[in-house]
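*Asks:* Predicted model and sequence follow; I will ask about them next.
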2 protein chains.
Amino acid sequence: MAKPEKRDEIVRAALELIAEHGFHGAPMAMIADRAGVGAGTIYRYFENKDLLITELYREVEGRSFPAIMEGYVPEAPVRERFLHLSTALLRYFINNSLEFRFVEQFHNSPYGVEFRRERLLGKMEDRFVYRELFESGVAQGVVKDFPLPVLFALALGPILAVARDHILGFIALDDVLITRTIEACWDAVRR
Amino acid sequence: MAKPEKRDEIVRAALELIAEHGFHGAPMAMIADRAGVGAGTIYRYFENKDLLITELYREVEGRSFPAIMEGYVPEAPVRERFLHLSTALLRYFINNSLEFRFVEQFHNSPYGVEFRRERLLGKMEDRFVYRELFESGVAQGVVKDFPLPVLFALALGPILAVARDHILGFIALDDVLITRTIEACWDAVRR
DNA sequence: ATAAGCGGAATGAACGTTCATTCTGTTTAT
DNA sequence: ATAAACAGAATGAACGTTCATTCCGCTTAT
């Protein structure tokens, strides 16, 4: 008897509450409440809170990858591929602000410690694409010869920052501004 | 009876614990312990934990400003001033990793909500210097004509990211790499 | 066709733990 | 001698988790 309905409600409620109020503002009782479910029910689907949250993280992370890769042409020039990936990533963040804010919370929390390592080592799927892109860019001499973490920082640091600013309402990113911002990031990494 | 000695021990202990283990890993009893002080004593110096932490934040923030401004020449060209400020900032972060990690924790916590707004509006002292620098850079046509938050993102996003990577041990920033990284940030903002 | 029986899903009150804060008795400075 | 400073035990609120009980849909017996 497959009844994933309640499980999904729990995951959705957790995502919303954590994105909106942080981990402090999302006790299990409140998650249960918003999911329309008894407190104990959560434990039929998740062993404990840690596993609920890491599971949620995995789901959220998995959703972003297809969105970013849509229309990606592996044979295109490095610059074009960079612009495509980065634009898609930024667009995904501002169109899915709940996911974005949750992931940010997650990374700056005790839950995220173990994932930090994987992340920087490029274990993540989308990181892997970026990694390959940068490596071939460096090999072709069109990208500055930096260690990978520096290239990630130059490319992704500003993206995360402007996404945050947009979601918090400090800037209004439209198509033109997005394009120009991503091109500025390219200026940082291109030789 | 002026005895700022205990107060300073409390502040120092709080900084260390929060930087190393996050807010979850820094209960009042533990702070008291590391400060060599009774739990109740903290409350003779700070009304409650929130005020202890916001006070600590203010102190930490205040310390960075002089370090960044040392040797700053307001009459120098925009590019030089940018390189000076950014290099000093990055150097400060990696030489004061406790402070850096604490500030990062702070900004991604309930305590930091109110400060977010001030920060992005440039209320902070060092932000103010950057703001003036960008404005005159745009006016002179040497800096891309972006809204200020985007310029901040392009300049500071990568700095925070590489500082984090360095402190976590994923890269080893030496003088050469620091200089090159900051120059890459300049490439992002310069016209 | 109906009702009794059955198993797992669901529930929420209760429990134990953790933590910030307060209280109380003691030490220390004047 | 007095009052402020101090340490650490006591307190109560909040939280994650557990568990005895209820609920619900399906099977089986009549």
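*Replies:* Sure, I can see it. If you're wondering where the values come from, they're calculated on a predicted model, not measured in any experiment.

*Asks:* And A:G112, how far from A:F93?
*Replies:* Distance of A:G112 to A:F93, given as Cβ to Cβ, to the nearest Å: 17 Å. (Glycine included, C-beta is placed from N, CA and C.)

*Asks:* Show me which of these two is the more surrounded one.
*Replies:* Using other Cβ atoms under 10 Å in any protein chain shown, the more surrounded residue of A:G112 and A:F93 is A:F93, with 23 against 17.

*Asks:* can you pull the contacts of the more buried one?
*Replies:* A:E99, A:F100, A:I159, A:L160, A:A163, A:I167 (Cβ atoms under 8 Å, 6 or more residues apart in numbering or on different chains).

*Asks:* of all the residues you listed, which comes closest to DNA strand C?
*Replies:* Of all those, DNA strand C sits closest to A:E99, with 25.4 Å by Cβ to the nearest atom of the strand.

*Asks:* Next, count neighbours for that closest one.
*Replies:* So A:E99, with other Cβ under 10 Å, has 19 neighbours.

*Asks:* can you check A:N95 too?
*Replies:* Per other Cβ under 10 Å, the neighbour tally for A:N95 reads 10.

*Asks:* One more: A:A139?
*Replies:* For A:A139, using other Cβ under 10 Å, the count is 11.

*Asks:* For it, which three-state class applies?
*Replies:* Classification of A:A139 using DSSP: H, G, I helix; E, B strand; the rest coil returns helix.

*Asks:* does the closest residue to A:E99 other than its chain neighbours sit in a helix or strand, and which one?
*Replies:* With Cβ to Cβ, 6 or more residues apart in numbering or on different chains as the criterion, A:E99 has its nearest non-adjacent residue at 4.9 Å, and that residue is A:V60. Applying DSSP states H and E as the criterion places A:V60 in helix A:49-69.

*Asks:* Enumerate the positions of stretch A:176-186 that are buried.
*Replies:* Across stretch A:176-186, burial judged by 16 or more other Cβ atoms under 10 Å in any protein chain shown covers A:L177, A:I178, A:T181, A:I182, A:E183, A:A184, A:C185, A:W186.

*Asks:* Run the contact check for that stretch versus chain B.
*Replies:* Yes. Residues of stretch A:176-186 contacting chain B under Cβ under 8 Å from any Cβ of the partner chain: A:L177, A:R180, A:T181, A:A184, A:C185.

*Asks:* mind checking which helix or strand of chain A has the lowest mean pLDDT?
*Replies:* helix A:113-120 (a mean of 65; mean pLDDT, DSSP states H and E).

*Asks:* how near is A:Y111 to B:Y45?
*Replies:* Distance from A:Y111 to B:Y45, by Cβ to Cβ: 32 Å.

*Asks:* residue ranges for the helices of chain A, please.
*Replies:* With DSSP state H, the ranges of helices along chain A come out as A:4-21, A:28-35, A:42-45, A:49-69, A:78-95, A:97-107, A:113-120, A:125-140, A:148-167, A:175-189.

*Asks:* Which one of the ones you listed has the poorest average confidence?
*Replies:* The weakest mean pLDDT among these belongs to helix A:113-120, with a mean of 65.

*Asks:* how about A:L154, what does it touch?
*Replies:* Applying Cβ under 8 Å, 6+ apart, the residues contacting A:L154 are A:F146, A:C185, A:A188, A:V189, B:P158, B:T181, B:A184, B:C185, B:A188.

*Asks:* wait, which of those residues is closest to B:F65?
*Replies:* For the contacts of A:L154, the minimum distance to B:F65 (Cβ to Cβ) is 20.0 Å, reached by B:C185.

*Asks:* I'd say the closest one and B:I159 touch.
*Replies:* Yes. Using Cβ atoms under 8 Å, B:C185 makes contact with B:I159 at a distance of 6.9 Å.
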